[in-house]
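S.K.: with the sequence up front, the predicted model follows.
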Amino acid sequence: MHNQKGVANIVLIVIIVVIVAVGGYFVSSPKKESTPITTNTPSSSTVENTQPTNASVSDTPSLSADKKSVSVDGKVLLSVNNDTISNWFKTESQLCDGYNLTSTPDRKMFCENKTSFENQTKFASIVVSPDKMKIGFTIESDTLSPDKVVGIFSRSTNKVTLLTNYYLGNQFISFSPNGVNFVYQGGCFEGMCGLFINNSETLASKASLNNPEFADSRSQNSTFVRWISDNQVEYKLGTKLKRESF
């Protein structure tokens with residue numbers, strides 16, 4: 001009996017020693033730092049480029065250095081020697097009518113020879129529509145300079161339309177903000193002109209400002225100021241600022 005009690009005491013002592021030893025281990029062992037969880041977010045240098053890699057080069061038509069043609073990406077879209085343009089000068093400008101044909105030594109060559117016509121004629125200016133599919137232009141010639149004619153060219157139909165007579169003051173001005181309409185200056189007489197707004201697709205007239213029945217009865221000049229919207233413009237009539245909706 002005495003021996004059993006002694007054994008029990010020894011076992012108890014061993015258990016206590018083990019517990020103390022284990023507890024001491026956990027108390028003395030350094031705590032392991034927790035590793036933060038991270039998401040695999042790419043840095044700014046590795047973010048995927050959402051822009052198309054084959055973005056097209058600008059295809060805005062531009063006027064050649066000699067002002068004889070309009071081209072885009074090296075391709076000629078419109079030449080001053082276009083048949084519609086050269087034929088208009090022969091038949092509609094009155095430069096090649098009657099006495100005018102022989103009024104100067106080189107007029108006959110201008111009227112009948114395309115090379116001579118091209119040498120003497122150029123684009124005074126061009127205006128490209130917002131969608132880059134239409135080109136408004138003003139053409140002048142060494143013959144009866146600085147008279148001009150205004151026209152428009154459609155890239156989709158490859159069609160040229162002349163909009164005015166050949167006279168001093170004519171000028172293609174601009175397209176509306178979204179290209180729905182365009183405005184040009186024409187019907188001029190003695191330095192006083194009217195303003196004309198046409199639809200860009202149908203070329204139908206939308207408004208004519210300062211445009212009396214007879215041009216010689218025009219007493220004030222009209223000057224385009226700005227587009228307020230596709231269907232409203234601001235302009236000056238003489239010194240008065242006016243607006244027109246259409």
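M.R.: Looks like it arrived, so ask away. Numbering: from 1, shown residues only.

S.K.: helices along the chain, start to end?
M.R.: Along the chain, counting by DSSP state H, helices occupy 2-28, 83-91, 107-112, 114-120.

S.K.: hey, least reliable of those by pLDDT?
M.R.: Confidence, taken as mean pLDDT, is least for helix 2-28 of those (a mean of 49).

S.K.: what pLDDT does the residue sitting nearest the centre point of the chain get?
M.R.: Nearest residue to the geometric centre of the chain (C-alpha atoms, centre = their mean): residue 130, 3.8 Å. For residue 130, the pLDDT comes out at 98.

S.K.: does residue 154 have beta-bridge partners, and which?
M.R.: residue 134, residue 159 (DSSP bridges).

S.K.: any weak-confidence spans in this protein?
M.R.: Across the chain, the ranges flagged by pLDDT under 70 are 1-58.

S.K.: which parts of it are strands?
M.R.: Using DSSP state E, the strands of the chain run over 62-63, 69-72, 75-79, 121-128, 134-141, 148-154, 159-162, 171-175, 181-189, 192-199, 205-209, 222-229, 232-237, 240-245.

S.K.: out of those, which gets nearest to residue 216?
M.R.: Proximity to residue 216, assessed across the strands of the chain by C-beta to C-beta, is greatest for strand 181-189 (5.3 Å). From N, CA and C alone the C-beta is placed, and that goes for glycine too.

S.K.: run the chain-centre distance for the closest one.
M.R.: A distance of 22 Å separates the centroid of the chain from that of strand 181-189, by C-alpha atoms, centre = their mean, to the nearest Å.

S.K.: same for that strand, what does it pack against?
M.R.: Packing partners of strand 181-189 (3 or more C-beta pairs under 8 Å, 6 or more residues apart in numbering; DSSP states H and E): strand 134-141, strand 148-154, strand 171-175, strand 192-199, strand 222-229.

S.K.: distance between the shortest one and the chain's centre?
M.R.: The chain centroid and the centroid of strand 171-175 are separated by 14 Å, computed with C-alpha atoms, centre = their mean.

S.K.: now the last one
M.R.: Average the C-alpha atoms of strand 222-229, do the same for its chain, and the two points are 19 Å apart (C-alpha atoms, centre = their mean).

S.K.: buried set for that strand?
M.R.: Buried positions in strand 222-229, judged by neighbour count with 16 or more other C-beta atoms under 10 Å: 222, 223, 224, 227.

S.K.: the residue nearest to the centre of the chain and residue 181 touch, don't they?
M.R.: No: with contacts counted by C-beta atoms under 8 Å, residue 130 stays clear of residue 181, the gap being 11.5 Å.

S.K.: quick check: neighbours shared by the two?
M.R.: Counting by C-beta atoms under 8 Å, 6 or more residues apart in numbering, the shared contacts of residue 130 and residue 181 are residue 175.

S.K.: alright, that wraps it up for me.
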